[in-house]
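Enquirer: Could you work out the structure for the sequence below:
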Amino acid sequence: MTKKELRKATINQLKSLTDKYTKENMIIEKLIKHQDFKDAESIGITLSMDHEMDTRFIIRYAQMLGKTVFVPKCDYSKQQMYFTYFTSAEDIVEDRFGIDVMKHDDGKNEQPALLIVPGVRFDESGYRIGYGGGYYDKYLSTYEGHTISLVFEAQMGEVIIEPHDIPVAYIITEEREWHTGTKQ
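Expert: Numbering: from 1, shown residues only. Alright, predicted model coming up:
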């Protein structure tokens, strides 16, 4: 299968995932006990789409703990991603591709201590297939903090690795968690 075919098949699996809420809670419970999450003064996390792991609780919980929360935003003309402060749900707008972002650029030049990296499909070594823009791999190429991905078991499997791909250091699923061997 091609990357595009793997992406499409996995998204279809996610859309028909059973017990999604239960699985999300199992993953979140592991995340909040993880030392990198506990130690991080700031986290970067996406504003999730319906078929993805719901990130709203994690954002609220991190804020309740006093952590600074960053969310991604893309400059499509420069093909670059950066992070802005998550301020409140009232500040969320959709960008031109229908992706939720903050309506401001506050915090643009800062980097979160922990990055919760999204993706569509993952392998055991932490390589991932995203949505095809390469924005996270570009960002990760200069990122110096810790990386964790929150993944449903249904997202685990074969991926096609390209030279520019950067694996995440840690993966948490509803069934297990492991360090991928990637240097943090």
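Enquirer: quick one: which helix or strand includes residue 81?
Expert: Taking DSSP states H and E as the criterion, residue 81 maps to strand 80-85.
Enquirer: Can you list the buried residues in that strand?
Expert: Neighbour-count burial for strand 80-85 flags 81-85 (criterion: 16 or more other CB atoms under 10 Å). (Each C-beta comes from the backbone N, C-alpha and C, glycine too.)
Enquirer: Show me what it is packed up against.
Expert: strand 68-75, strand 100-102, helix 135-140 (3 or more CB pairs under 8 Å, 6 or more residues apart in numbering; DSSP states H and E).
Enquirer: about what we covered before: Serialize the buried residues of strand 80-85 to CSV and add fields for distance to residue 91 and pLDDT.
Expert: Formatted as CSV, these follow (distance: CB to CB, whole Å; pLDDT from 0 to 100):
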residue, distance to residue 91, pLDDT
81, 18, 95
82, 16, 96
83, 14, 97
84, 9, 97
85, 9, 98
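Enquirer: Which of those sits closest to residue 151?
Expert: residue 81 (19.9 Å; CB to CB).
Enquirer: ok, the closest one - contacts?
Expert: Counting by CB atoms under 8 Å, 6 or more residues apart in numbering, residue 81 touches 72-75, 135-136, 138-139.
Enquirer: Now that we have the residues you listed, which of them are buried?
Expert: Buried members of the contacts of residue 81, scored by 16+ other CB under 10 Å, are 72-74, 135-136, 139.
Enquirer: Same list, those, but as JSON lines with distance to residue 98 please.
Expert: As requested, the buried ones among the contacts of residue 81 are exported to JSON lines (distance: CB to CB, whole Å):
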{"residue": "72", "distance to residue 98": "14"}
{"residue": "73", "distance to residue 98": "14"}
{"residue": "74", "distance to residue 98": "12"}
{"residue": "135", "distance to residue 98": "15"}
{"residue": "136", "distance to residue 98": "18"}
{"residue": "139", "distance to residue 98": "21"}
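Enquirer: so which pair among the residues you listed is furthest apart in space?
Expert: The most widely separated members of the buried ones among the contacts of residue 81, counting by CB to CB, are 73 and 136 (12.7 Å).
Enquirer: Much appreciated, bye for now.
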